[in-house]
Structure formats: C-alpha cells, structure tokens
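Participant: coords please:
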Amino acid sequence: MIVGYYNFLGLASMRENYGLLLVDDEPAYHAIVTALLRPLSAAVDHAADRAGALGRLAARRYDLVLMDIQLGGDDGREVVAALRGRKVDCPILAFTSLHPAEGERYFTDRGFDGWIAKPFEGRTLVAAARRWLGDETPFQTAAEGGQLAALLGPDGAASMIGRLHANLAEAVAQIDGGADARPIGHRMGGLAGTLGFPTLSAAWLSLQDDRAAWPTVRALTIEAIAPPAGA
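Facilitator: Just a heads-up that it's a prediction; the model follows:
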C-alpha cells in the first residue's frame, strides 16, 4: 500500500550530504529522482547536456552520476568518455531507455559502472543508489502519508488511501487510453501532495512539462498502489 511506500522501497538512514548528479535533458526526471532519493539525505543536482555536466563536475566532486544516453544533440557515451579522460572516478550509471542486446555489459564496455533502465521502479533506483554509495546503514523506515492516520485514525486513513488508489488507477487508465496527461498530472499531483505522498506528487506534476516521463510515472504509480507481497 502507498502508506508503506518507503518501507516497500527499503529506505535507510544514510550519512548527510551525498552528492548526486543527474545528467538528463528531460527535466521531469530531476523532480522524480530528487523526490525518491530525498530520504537518503542526498542532494541531487541536474545538468541537461555535455557542457552542463562538465561544468558541474569541474565545480565539485559527486558521489554518483546518473547519465542519460540521448541528450538532445549530445551523446551520453561521449560525455562519459570525456569525464573518464578528466579522471572523474566516481561511479557513473547509464540512466536510459536504451535497451541494448548485450544488457549492462554494453554500458560497462563504454566506461559506465552500471545501468538503470527507464522506465524504472522506485525501489530499483533506491537500491542502485545505496549500492553505489556503499551504504550499509541499518534501515530506518519512513512511510509517505503517515500523517493521515494521525489526523483521521486508522480506519479513516485506510478509506482515504483506498480512494486515492482508485483515483490513481483511473488516471493511469485514462492516459493509457490517450487522454491529455497534463491536466491529469496536475490533478493527481496535487491530490497526492495534499495527502502526504511527495514522491508520487512530484512524479505526476512532472507530466505538466514532460509527457516523455509517462512510462516512469506509470511504473512508480503501479508499484506504489500494488498490494503488499503475500496480501
């Protein structure tokens, strides 16, 4: 259930001030990645192209870089080669909808350390961040929407979350059926944010500016509203 979304992702308490750089020309992903990794005490900076990435990495050291492949007029593979030539030694993960036949090996052969495929589930991104940041801190879970139980009581919170589930499922069906994602994203993002689900709120609100992020927003939504394993 959404109320246990962060528990479902397996979030842990990590040291403060991890620095992550997202290099992606779709601005929607900055909002989504930032929301997902906020509980990891990670600051996420954003660059949209080669020049921006090189500038960011010249200004500070990052603990992890997520690199898209198709960056408008730039190629993420060439950007990685340039970064390695400048002795950038932090982990760099391919963050892309490109699915080569060789799988992850395609990217590791080209200077990447690993691969996160788009669209992605929240727990996939969080697990990759934890792995490459080398953090093994014991879990300290935090649930999105937890304030609902305090305000409405357990039964009232369960009823409200049930209605949110239904609204999210309907919104997914509408967009899958060809409806304009922008007004639906605005409505669902506002509703999720009001009820205390910042990750889903950021994801749905991102659709107002970038329809290309829909596969990831859809995956995150389906992941979040799915019944717990064994339920």
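
Participant: And the helix of greatest length in the chain, what does it pack against?
Facilitator: Longest helix in the chain by number of residues, with DSSP state H as the criterion: helix 147-176. Helices and strands in packing contact with helix 147-176 are listed as helix 181-194, helix 214-225; criterion 3 or more C-beta pairs under 8 Å, 6 or more residues apart in numbering; DSSP states H and E. Every C-beta, even on glycine, is put in place using the N, C-alpha and C of the backbone.

Participant: Next, the angle helix 147-176 makes with whichever helix or strand comes after the longest one.
Facilitator: This means helix 181-194. Per DSSP states H and E, the first helix or strand lying C-terminal to helix 181-194 is helix 198-206. Our comparison of helix 198-206 with helix 147-176, counting by axes from the mean of the first three to the mean of the last three C-alpha atoms, to 10 degrees, yields an angle of 30 degrees.

Participant: Domain boundaries for the protein, per the record?
Facilitator: Domain assignment of the chain by automatic domain parsing yields the ranges 9-133, 147-225.

Participant: need the ones you listed in a markdown table with mean neighbour count and mean pLDDT, can you?
Facilitator: Formatted as a markdown table, the entries for the domains of the chain read as follows, by neighbours: other C-beta atoms under 10 Å; pLDDT from 0 to 100:
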| stretch | mean neighbour count | mean pLDDT |
| --- | --- | --- |
| domain 9-133 | 18 | 89 |
| domain 147-225 | 17 | 86 |
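
Participant: Can you tell me the SS state at residue 93?
Facilitator: Classification of residue 93 into helix, strand or coil gives strand, according to DSSP: H, G, I helix; E, B strand; the rest coil.

Participant: Angles on the backbone of the closest residue in space to residue 106 that isn't next to it in sequence, please.
Facilitator: Setting aside the residues directly before and after it, residue 106 is nearest to residue 100 in space (C-beta to C-beta, 6 or more residues apart in numbering), at 3.8 Å. Its backbone dihedrals place residue 100 at phi -70, psi 160, with angles given as degrees, to the nearest 10.

Participant: separation between residue 100 and residue 117?
Facilitator: In this view, residue 100 and residue 117 are 10 Å apart by C-beta to C-beta, to the nearest Å.

Participant: Residue 96 too?
Facilitator: Going from residue 96 to residue 117 by C-beta to C-beta gives 7 Å.

Participant: Could you do residue 198 as well?
Facilitator: Separation of residue 198 from residue 117 (C-beta to C-beta): 24 Å.

Participant: try residue 226
Facilitator: 19 Å.

Participant: check contacts around the spatially most central residue of the chain.
Facilitator: Geometric centre of the chain, nearest residue: residue 33, 3.4 Å, by C-alpha atoms, centre = their mean. Residues touching residue 33, when contacts are defined by C-beta atoms under 8 Å, 6 or more residues apart in numbering, comprise 20, 22, 44, 66, 125.

Participant: let's see it at 6 Å
Facilitator: 22, 44 (C-beta atoms under 6 Å, 6 or more residues apart in numbering).

Participant: State the next helix or strand along the chain beyond the helix or strand hosting it.
Facilitator: With the criterion set as DSSP H and E, the secondary-structure element containing residue 33 is helix 28-37. For helix 28-37, the following helix or strand on the C-terminal side (DSSP H and E) is strand 42-47.
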